[in-house]
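Asks: this one's sequence-less:
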């Protein structure tokens, strides 16, 4: 088996999740260095336990290391583009967390940099690798539902992020529904042509004061005539609720949420089964591992990544259209944000 | 037990379904007369078997019979209003099939006629009485989901109606989604403020040629800030697919489709269970019976019907707004169609 | 459509259930007379409401009426055989509730009487007609599970019967598991060869004092080598729990319990759906109707009933073997009770 | 975090599964040496990849290494006892795969050796650690089902083992149902008092010729009066089918099988979801990891292992009773095999 040495930029929550999954499940990748200027003791301890040999404060420890062939960018969002571009220019294949950036121009710069450098660029839409959503995708690809008429996606988080995060994230369309925009394109097999958004502040007034909505319903029209609908809520008391459904001329395929166990209790007052996962890393453990395996595969076998920079750009464009639609109270065509 | 004598105008499919259910399940109502100018031998035979004593060609046999206290109007749609008004003026309580009419003025005339005559007026939104949808409604009413944030409704039929029907029915919003507009109001506990519709011809080009769409996604904004989404398709190869979901601050409640049986086969190639119902009368048997029991209850105990003329009017207004939204490619406020 | 006039002997709970179902769902049968020496006012009122023309105290009103072609015997259990025999001798087709009798000889006399008189004899194993169990049976008959290796049946009641009933019913094997013995034969497609029973008093000590057990597990060996297992409990706090499973060389087919509705609530503390039915007439409404339709069919079309006197006898023999096994603490071959 | 160095004896399938899971999921244990006299290149390659520093032919490399504190015994079954005893005598805590041995005396010797040496002894009943079975167990322990009346276990494998294995394994009760005997005790919270077994050759005649059965139903009577039933089949075409159910005075709790994904396809011919797992290592991945974490926990924190030598002995005794019951065609009390 071919193996490669990689570096991870950023040792925050998602960086550590990737580190742990790569060590456990991606034997083809060996983490040589993790760099983070603000690395805490807890992170350092975890990385040592995982056997990561180098811990650095500066990303240059990775970017200038000729042994390191690929970089996983897990920095704060506003540095995603910078590190992706620098990694590409250093000739390293790049995995960059989503969103690449919420400025469209900046995303294009990342794509260009990768293209010029001739390196791989994979964007972190982990949900494409979830076993359930993937099974839905594969059923659609296998033609089971025939022509796709409708894609429905529910995506609700257990708790809103901090108000501080809401203020800088770009808002619900950029930091949350972005996953669903990507999923919608992935499942529909067609590009979005037009978007219409409803949104409201139903969960927490502070989110409204921060200039965002916390609940949104977005309908999509695809180039091929199919339609889509996505609903998001910042708070579902019962945990991560992320379901997809594709309806077509030959049937429908849909998934439900995984639960920590499937024991069912039949009692005098009702039949009770477990709630959904309440921690994202539990909900998508397998997906995070699978997306890194896919990245390793693209790097080692020199194949197109399963989620490209173009995919990252498209989802940002849809987010921009949705935000504009909500602001202006009308459907917005993709050409308006292109 | 108090019992009342009733008459049924119209012995088409829905008239016969009501007759059969009333005889079987509504002992408080005794069908004295069924009138239909085009009554076929099959219908007459069924009615005889059900013990209906009088079969008439002319609705006057019902409208002028002082013994008959209530009328169930199952005529062709374009005569609903006329028979409802004549029944009301004759001092009889009225159950009228949906849609009351697709002309808003006409619906108001029916409501006025009933009000003036001081008779009950119940509209045939049978789905409110479905055991599953009703259980969702009751959970919402009981406060289980807390504040309602989102209502989602899927409604797909096994087969499109005839093109002839499409041409005169008023279109998908009036003859099909009308049920879902009513269900959305019923579940949300709030009136619709604004509507946005996407639609397309994805099932059968002939439907498009007849001036209608066969697939539609409509998003709703309610007065209380909640949002809703309804999807309709004229053809789901797997049968009647009608599911509702209400999501709120304290949880979500949703139902799935009933199936003829719940046996499950585990075989080498997969786990297979039964398809949905493919005949509406099988899917909603219990609901049709329950709505007639509710009508009997309102008549006998002099209580407000569970589905009023106002409910009939509101759903027509939403259909009008949806149709306008689709035509004009923009969200339409309810005040525009009021 | 051919129709026949019938009489019902016994207007207790099950007699009234049959009367109601026949009026509602079996148009081929017309109830002319219901006879019960202890008919209460409530029963009489129900029968009048159902349009039954004659209410009698003495079964002779049925047995001597040449217009009546078939008799439904719903008397107390100890009179089942007597009325079945008298009906047969009067030349009338017979539907008799289960158990025919718990004395083997007496059951044989009923079978003989029907044979001699050349009349139909159907025994009231209603569960064979339940939509779910029937779907399992049909999958097995269609060869889906291949060769049958194992039949598993759970059967638990919401509440024990009265101690008075327990004392005279013959015990759990005769009054409760009898249904499951019949179901086991029905599903296995083979006769029982040997029986082993475990039983205990885990629900109510008074049942033990009355000489019975309230919880039992019986394993079966079939002539064809397949095995079976049945568990019974007199009390399941969550309602009627009656599930069957057939496992074979090509797969398994099983059913679950119907519930009054299928709404599911997702809350912070778990996912909750409805409990099983707690009233037998609700659980088996459709089955009671279907068994009477099947009886009408056998009578009118002169076909073999779907549940014969022989079926009634076999289940009694298995009950006798199970009771003997429990008493003697060893497996009992069917030849020992033959 | 405290960590310990361990050795693994045996690098066959289960040894490699443990090695992989320990490296991935049990950071508290560091595998220093894996010993196997017949280690193949594939195994060695895997171990190298997992970072195991020493690969040995002889178990002495482990047993005489003072740095190694605990041993995981994954040798062929007939050497389990020997290596367990030698490990104990060397003062090392022992995890031994099930069955410890199928000779009762030999199992007792292992228990004695561990006791004398004052080391931990954990037996490899991995299913106790499965997330679903564990959730059932915890519901029972939490008192949700009240007093336990009945335990039901289904356990069916996708394919029979080789005939060579059947010939030496001790038979279905020792190599397969042993898991279920342990599970039954675990769930019932009571010891088995008596056993009755039915068995047959329904899957493959060669298994019968090798002196074993391939299908068995065993009923159990527990000391506390509860009953149990276990069914086993050597072949379920739909994959691993392992379900447990506990029924008691306050309700029932049961689980179903996990599937690789939960996508469901609704098509014209039925509703299809995925089959069960067909590879044991996939079905019980989490359980294998959890049992090693539990072992590490017992070793490091000096607590009683969750599955003791006594547990290993009890299940062997029940297997002996079941085998005797099948041979002699009668229930066998545990005192007869003690």
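Replies: Received it, and whenever you're ready, just let me know what you need. On a predicted model such as this, the values are computed, not experimentally measured, just so you know.

Asks: Following element in sequence after the lowest-mean-pLDDT helix or strand in chain A, please.
Replies: Lowest mean confidence among the helices and strands of chain A (mean pLDDT, DSSP states H and E): helix A:280-283, at a mean of 84. Counting by DSSP states H and E, the next helix or strand C-terminal to helix A:280-283 is helix A:285-301.

Asks: For that next one, which helices and strands make contact with it?
Replies: Here helix A:285-301 touches strand A:4-9, helix A:13-25, strand A:29-35, strand A:70-73, strand A:93-96, strand A:121-123, helix A:131-141, going by 3 or more CB pairs under 8 Å, 6 or more residues apart in numbering or on different chains; DSSP states H and E. Where C-beta positions appear, they are placed from N, C-alpha and C, glycine not excepted.

Asks: Is there contact, residue-wise, from the helix or strand just after it to chain B?
Replies: The element immediately downstream of helix A:285-301 (helix or strand, assigned by DSSP H and E) is helix A:309-328. No. Using CB under 8 Å from any CB of the partner chain, helix A:309-328 never reaches chain B; the gap is at least 9.7 Å.

Asks: What helices and strands are in contact with the very next helix or strand once past helix A:309-328?
Replies: Next along the chain after helix A:309-328, taking DSSP H and E as the criterion, comes strand A:332-333. Here strand A:332-333 touches strand A:192-200, helix A:309-328, going by 3+ CB pairs under 8 Å, 6+ apart.

Asks: The same query, at a cut-off of 6 Å, please.
Replies: Judged by 3 or more CB pairs under 6 Å, 6 or more residues apart in numbering or on different chains; DSSP states H and E, strand A:332-333 is in contact with helix A:309-328.

Asks: Flag every buried residue along the helix it packs on.
Replies: Across helix A:309-328, burial judged by 16 or more other CB atoms under 10 Å in any protein chain shown covers A:309, A:311-326.

Asks: ditto for stretch A:182-196
Replies: Going by neighbour count (16+ other CB under 10 Å), the buried part of stretch A:182-196 is A:182-190, A:192-196.

Asks: So, low pLDDT: which residues of the stretch 201-338 of chain A?
Replies: Nowhere does the stretch 201-338 of chain A drop to pLDDT under 70.

Asks: what residues does it put near chain B?
Replies: Contact residues (CB under 6 Å from any CB of the partner chain) of the stretch 201-338 of chain A with chain B: A:202, A:215, A:217, A:219, A:221, A:225, A:227, A:229, A:231, A:237-238, A:250-251, A:330.

Asks: Let's see that with 8 Å instead.
Replies: By CB under 8 Å from any CB, the part of the stretch 201-338 of chain A that sits against chain B consists of A:201-203, A:215-217, A:219, A:221, A:225-229, A:231, A:233, A:235-238, A:241, A:247, A:249-252, A:329-331.

Asks: buried subset of those residues?
Replies: The neighbour count (16+ other CB under 10 Å) marks A:201-203, A:215-217, A:219, A:221, A:226-229, A:231, A:233, A:235-238, A:241, A:247, A:250-252, A:331 as buried among those.

Asks: quick one on the thing from earlier: where among the helices and strands packed on helix A:285-301 is average confidence lowest?
Replies: The minimum mean pLDDT among those belongs to helix A:13-25 (a mean of 93).

Asks: So which elements touch that one?
Replies: strand A:4-9, strand A:29-35, helix A:41-49, strand A:70-73, helix A:285-301, helix D:13-25.

Asks: Give the pairing partners of the shortest one; include direction for each.
Replies: Sheet partners assigned to strand A:70-73 using DSSP bridges are listed as strand A:4-9 (parallel), strand A:93-96 (parallel).

Asks: which outside residues touch it?
Replies: A:4, A:6-10, A:15, A:18, A:22, A:29, A:62-63, A:80, A:83-84, A:87, A:92-97, A:120, A:292, A:295, A:299 (CB atoms under 8 Å, 6 or more residues apart in numbering or on different chains).

Asks: can you give me how far it is from the chain middle?
Replies: Relative to its parent chain, strand A:70-73 has a centroid offset of 15 Å by CA atoms, centre = their mean, to the nearest Å.

Asks: ok, now stretch A:148-156?
Replies: On CA atoms, centre = their mean, the centre of stretch A:148-156 falls 16 Å from that of its chain.

Asks: now stretch A:59-68
Replies: A distance of 26 Å separates the centroid of the chain from that of stretch A:59-68, by CA atoms, centre = their mean.

Asks: and if you look at stretch A:240-249?
Replies: Put simply, stretch A:240-249 sits 17 Å off its chain's centre (CA atoms, centre = their mean).

Asks: Equivalent analysis for stretch A:46-54, please.
Replies: Between the centre of stretch A:46-54 and the centre of its host chain there is 25 Å, according to CA atoms, centre = their mean.

Asks: which one of the buried residues of stretch A:182-196 is nearest chain D?
Replies: Closest approach between those and chain D, by CB to the nearest CB: residue A:187, at 11.6 Å.

Asks: residues in contact with that closest one?
Replies: Residue A:187 sits next to A:136-137, A:140, A:148, A:151, A:244, A:246 when contact means CB under 8 Å, 6+ apart.

Asks: now residue A:319
Replies: Residue A:319 neighbours (CB under 8 Å, 6+ apart): A:99, A:102, A:170, A:173-174, A:177-178, A:181.

Asks: Please, where are all the helices along the stretch 101-250 of chain A?
Replies: Counting by DSSP state H, counting those that start in this stretch, the stretch 101-250 of chain A has helices at residues A:104-117, A:131-141, A:163-169, A:172-175, A:177-188, A:205-209.

Asks: pLDDT score assigned to residue A:1?
Replies: Here the pLDDT value assigned to residue A:1 is 59.

Asks: The nearest residue to residue A:297 once chain neighbours are set aside - how many residues pack around it?
Replies: Nearest non-adjacent residue to residue A:297, counting by CB to CB, 6 or more residues apart in numbering or on different chains: residue A:303, 6.7 Å away. As a burial measure, residue A:303 scores 11 neighbours (other CB atoms under 10 Å in any protein chain shown).

Asks: Backbone dihedrals for residue A:303, please?
Replies: phi -110, psi 160 (degrees, to the nearest 10).

Asks: Surely it is in contact with residue A:294?
Replies: No. Counting by CB atoms under 8 Å, residue A:294 is not a contact partner of residue A:303; they are 9.5 Å apart.

Asks: quick one, what contacts the closest residue to residue A:77 other than its chain neighbours?
Replies: Take residue A:77 and drop its neighbours on the chain: the residue closest to it by CB to CB, 6+ apart is residue A:99, 6.6 Å away. Counting by CB under 8 Å, 6+ apart, residue A:99 makes contact with A:77, A:80, A:107, A:170, A:174-175, A:178, A:312, A:315-316, A:319.
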